[in-house]
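A.B. asks: Got a predicted structure here, sequence first:
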Amino acid sequence: MAKNIFSAIIFFVLTGFALQAQVSRTQWKLSTKKVSDCEYDLIFTVTIEKGWHTFSVVQLKGTEGEVFPTQIMFRPAKGYTLVGPVSETKPSPQYDETISKTVYVHFNKVVYTQRVRLNAEGKVKISGTYENQVCNDQKCETPPSDKFDFDLVGTGACLKK
């Protein structure tokens with residue numbers, strides 16, 4: 001009987017840690033906007049829990065290793081080309097007392113956009129990962145990176161250069 005009670009306690013403690021570890025401070029929603037027959041905007045809309053912030057994709061000089069910028073990484077493939085860097089809604093400069101430096105952050109909601117040009121006719125899969133760090137006034141959390149996939153369709157016009 002004591003062994004069963006001990007096992008139950010261990011189960012509930014471990015389950016509690018697992019549930020706590022899975023708390024996400026951000027919700028990512030992915031969408032696309034067709035710009036032309038061969039160009040699309042890949043849109044990453046991130047809603048951030050109240051009281052928390054995430055960092056810009058732009059890292060200010062001197063903050064390397066102290067804050068972790070949001071990263072959206074694309075798996076190279078012949079079917080598409082990135083057009084410029086990832087853009088984002090305007091971040092807010094904020095002085096971070098823990099590192100005594102100004103950083104760029106987003107509160108509440110941020111939209112990251114990557115334009116792509118399709119180089120193929122038919123179905124084109126664009127895959128990759130994203131990762132970010134979220135912080136509040138007391139601590140920072142770095143959730144594991146997450147995968148994304150976009151399935152787009154190119155036309156014959158995309159084969160022309």
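C.D. replies: That came through, no problem.
A.B. asks: Let me see the contact set for the closest residue to C140 other than its chain neighbours.
C.D. replies: By the measure of C-beta to C-beta, 6 or more residues apart in numbering, the closest residue to C140 outside its immediate chain neighbours is Q133, 5.6 Å from it. Every C-beta, even on glycine, is put in place using the N, C-alpha and C of the backbone. Listed by C-beta atoms under 8 Å, 6 or more residues apart in numbering, the contact set of Q133 reads T54, F55, V67, F68, T70, C140, E141, T142.
A.B. asks: wait, what's in contact with T32?
C.D. replies: Going by C-beta under 8 Å, 6+ apart, T32 touches Y40, D41, L42, I43, F150, L152.
A.B. asks: can you redo the contacts of Q133 as a markdown table with distance to K29 and pLDDT?
C.D. replies: Supplementary listing: the contacts of Q133 in a markdown table, determined by distance: C-beta to C-beta, whole Å; pLDDT from 0 to 100:
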| residue | distance to K29 | pLDDT |
| --- | --- | --- |
| T54 | 14 | 95 |
| F55 | 19 | 93 |
| V67 | 24 | 80 |
| F68 | 21 | 89 |
| T70 | 15 | 95 |
| C140 | 23 | 90 |
| E141 | 20 | 93 |
| T142 | 20 | 90 |
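A.B. asks: show me what contacts Q114?
C.D. replies: With contacts defined as C-beta under 8 Å, 6+ apart, Q114 is in contact with D41, L42, F44, I72, F74, L82, P85, V86, S87.
A.B. asks: correction: G62
C.D. replies: Going by C-beta under 8 Å, 6+ apart, G62 touches K101.
A.B. asks: Out of the contacts of Q114, which is nearest to V103?
C.D. replies: Distance ranking of those against V103, using C-beta to C-beta, places V86 first at 17.5 Å.
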